[in-house]
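Chemist: Prediction below, plus the sequence it came from.
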Amino acid sequence: MQTIDTYNFQGKRALIRVDFNVPLNDKFEITDDTRMRAAVPTIKKVLEGGGSVILMSHLGRPKGVDEKYSLKHIRKHLEELLGQPVKFADDCVGEDAKRQAAALQPGEVLLLENLRFHAEEEGKPRGLAEDATDEEKKAAKAAVKESQKQFVADLASLGDAWINDAFGTAHRAHASTALIAAYFPNDKMFGYIMERELNAVDNVMKNPRRPFTAIMGGSKVSTKIDIIMNLMDKVDNLILGGGMTYTFKAALGGHVGKSICETDKFDLALDILRIAKEKGVNLVLSNETLAGDAFSNDANTMICDPMNIPDGWEGLDIGPATREEFARIIENSATILWNGPVGVFEIPKFAEGSRAVAEAIVRATEKGAFSLIGGGDSVAAINQFGLADKVSYVSTGGGALLEYIEGKELPGITAIRG
Ligand code: AMP
């Protein structure tokens, strides 16, 4: 397999699938350029190796050509980040893109317009009438799949090598993230962002040092079930926190007041407890809740047993004894995965549990543990506590990371690894 460090880019045009899906305000100013900054090392590597670069990305969810989602809005900032001019093609395929790509000289950069201006990027039909029949839907899908072939070929014709550096879309089998690979059997590779993400996740999922502890939080067990089941074969300790706690406690016969509780998931919760026992996994649930009488920072609070929460009260965080218990387990771990806050961290009164988890992960990391934080809200939490640079790795992957942890094959990874 080629890698970006071994490949000879001399005189080559590298088509790089980047993730420039950055947030823009209503003046089209970039409000967070993290993803763009992260892509710079991969781009520079190609340029310094004597190649030229063609960047392709999506931005937002346009339904067709839509100025609002044009990548031209980010061109100037890209030029600043790279310290050089960036050419722009206002369609990612077609004659102009072809001409500009062919004319690229070593050291030059061309940015293509939003891939999702074409339905073929995702391969999903657009503009179907609400009352379309199944037949019509099927025909539209077949049509876009057919025209997608030409789109993929047109994109591929722009470059000599393909680099996938967009981990955030690695779980999608789109034209630029996966299908295009067929045109570059010997000239495809991951960029540095992808390499780093994969190393981090593989450190955790493939070769964890033990003890391996996963902390799963968030609101509902139903959305985390695939991850929990896949982790069950790998972890030593599985700490379950957040809103899902109360589904478990209620399933065990507890009284959870007005806590979030999925009454149709009791069997599932009991299954999880049984499977953990069978597999010898130490499944840890909170034994002490910080309950509130309202979902707000003005709520009155009390510490109680999650098996016995009074009516009118809801469990919104873990209590101090559970904070200590979770922290002790985390600190004694050599590999740590954290997905999902253990309380309503957005409300300061109920953020202390998640803060205690984050701080314990930092202490474990200082002692040599490998820690990976990933999946939406735990990333927001670790950032809120200002601790993101004190853990081993904070994934930018979101949905892609979660699917990888669920044990699913990601098309953007398979396209390169085979
Ligand atoms: P998820 O998207 O499933 O990972 O859920 C994340 C959300 O779960 C966050 O917004 C938290 O505020 C919320 N959450 C965590 N603990 C609780 C709880 N005890 N009750 C209600 N929501 C919670």
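Modeler: Okay, I see it.

Chemist: which parts of the chain sit against the ligand?
Modeler: 217-220, 223, 242-243, 260, 315-316, 340-341, 343-346, 376-377 (Cβ under 6 Å from any ligand atom). Bear in mind the C-beta positions are built from the backbone N, C-alpha and C, glycine included.

Chemist: just the buried members of these?
Modeler: Among these, those buried by neighbour count (16 or more other Cβ atoms under 10 Å) are 217-220, 242-243, 260, 315-316, 340-341, 343-345, 376-377.

Chemist: Now do the helices in the stretch 101-250 of the chain.
Modeler: 119-122, 134-156, 192-205, 225-232, 244-251 (DSSP state H, counting those that start in this stretch).

Chemist: Looking at these, which one is packed in the most?
Modeler: The highest mean neighbour count among the helices of the stretch 101-250 of the chain, using mean count of other Cβ atoms under 10 Å, belongs to helix 244-251: a mean of 25.

Chemist: picking up where we left off before, any chance of JSON lines for the helices of the stretch 101-250 of the chain, columns mean pLDDT and distance to residue 8?
Modeler: Conversion of these to JSON lines gives the following (pLDDT from 0 to 100; distance: least, Cβ to Cβ, whole Å):
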{"stretch": "helix 119-122", "mean pLDDT": "97", "distance to residue 8": "29"}
{"stretch": "helix 134-156", "mean pLDDT": "96", "distance to residue 8": "20"}
{"stretch": "helix 192-205", "mean pLDDT": "93", "distance to residue 8": "17"}
{"stretch": "helix 225-232", "mean pLDDT": "93", "distance to residue 8": "39"}
{"stretch": "helix 244-251", "mean pLDDT": "97", "distance to residue 8": "50"}
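
Chemist: Adding distance to residue 59, write these out as CSV.
Modeler: Listed next are the helices of the stretch 101-250 of the chain as CSV, based on distance: least, Cβ to Cβ, whole Å:
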stretch, distance to residue 59
helix 119-122, 11
helix 134-156, 16
helix 192-205, 17
helix 225-232, 29
helix 244-251, 34
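
Chemist: wait, which of the buried ones among the residues of the chain next to the ligand is closest to the ligand?
Modeler: residue 218 (2.6 Å; Cβ to the nearest ligand atom).

Chemist: Give me the phi and psi for that closest one.
Modeler: phi 100, psi -170 (degrees, to the nearest 10).

Chemist: Which pLDDT value goes with it?
Modeler: Residue 218 carries a pLDDT score of 90 in this model.

Chemist: who's in contact with it?
Modeler: By Cβ atoms under 8 Å, 6 or more residues apart in numbering, the contact list for residue 218 reads 224, 242, 243, 244, 339, 340, 341, 377.

Chemist: at 10 Å what do you get?
Modeler: Contact analysis of residue 218 by Cβ atoms under 10 Å, 6 or more residues apart in numbering lists 224, 227, 240-244, 339-342, 375-378.

Chemist: quick one: the nearest residue to residue 153 once chain neighbours are set aside and the ligand, what's the gap?
Modeler: In this structure, residue 153 finds its nearest non-sequential neighbour in residue 183, 7.2 Å apart by Cβ to Cβ, 6 or more residues apart in numbering. Counting by Cβ to the nearest ligand atom, to the nearest Å, the separation of residue 183 from the ligand is 37 Å.

Chemist: same question, residue 284
Modeler: 16 Å.

Chemist: that older thread, compute the number of surrounding residues for the residue nearest to residue 153.
Modeler: 16 (other Cβ atoms under 10 Å).

Chemist: For residue 87, give the beta-bridge partners.
Modeler: For residue 87, the beta-bridge partners are residue 110 (DSSP bridges).

Chemist: shouldn't it be in contact with residue 108?
Modeler: Yes: if you go by Cβ atoms under 10 Å, residue 87 and residue 108 touch, sitting 6.8 Å apart.

Chemist: Could you chop this structure up by domain?
Modeler: For the chain, automatic domain parsing gives the domain ranges 13-190, 198-405.

Chemist: So which of those domains is the most surrounded?
Modeler: domain 198-405 comes out most buried of the domains of the chain by mean count of other Cβ under 10 Å, with a mean of 20.

Chemist: Pull up the distance across that one, start to finish.
Modeler: 11 Å (Cα to Cα, to the nearest Å).

Chemist: go on, stretch 164-184?
Modeler: End-to-end distance (Cα to Cα), stretch 164-184: 12 Å.

Chemist: got it, and stretch 130-138?
Modeler: Terminal residues of stretch 130-138 lie 14 Å apart, using Cα to Cα.

Chemist: could you dump the domains of the chain to JSON lines with distance to residue 5?
Modeler: Formatted as JSON lines, the domains of the chain follow (distance: least, Cβ to Cβ, whole Å):
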{"stretch": "domain 13-190", "distance to residue 5": "8"}
{"stretch": "domain 198-405", "distance to residue 5": "13"}
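
Chemist: Pretty sure residue 42 sits against residue 163.
Modeler: Yes: taking Cβ under 10 Å as the definition, residue 42 is a contact partner of residue 163 at 6.5 Å.

Chemist: Need the residues touching each of these two.
Modeler: In contact with both residue 42 and residue 163: 4, 14, 16, 18, 53, 189, 190, 191, 192, 194, using Cβ under 10 Å, 6+ apart.

Chemist: Now tabulate the residues you listed in CSV and tack on distance to residue 365.
Modeler: What follows is the shared contacts of residue 42 and residue 163, written out as CSV (distance: Cβ to Cβ, whole Å):
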residue, distance to residue 365
4, 27
14, 35
16, 31
18, 29
53, 35
189, 30
190, 25
191, 26
192, 22
194, 23
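
Chemist: ok, so of the residues you listed, who is nearest the ligand?
Modeler: For the shared contacts of residue 42 and residue 163, the nearest to the ligand is residue 194 (24.0 Å; Cβ to the nearest ligand atom).

Chemist: That closest one contacts residue 167, correct?
Modeler: Yes: between residue 194 and residue 167 there is a contact under Cβ under 10 Å: 5.3 Å.

Chemist: Could you tell me which residues touch both of these two?
Modeler: 19, 397, 400, 412, 413.

Chemist: For the helix or strand hosting the third one, name the packing helices and strands.
Modeler: Of the helices and strands defined by DSSP states H and E, residue 400 is found in helix 399-405. Secondary structure elements in contact with helix 399-405, counted by 3 or more Cβ pairs under 10 Å, 6 or more residues apart in numbering; DSSP states H and E, are helix 192-205, helix 225-232, strand 335-339, strand 370-373, helix 411-417.
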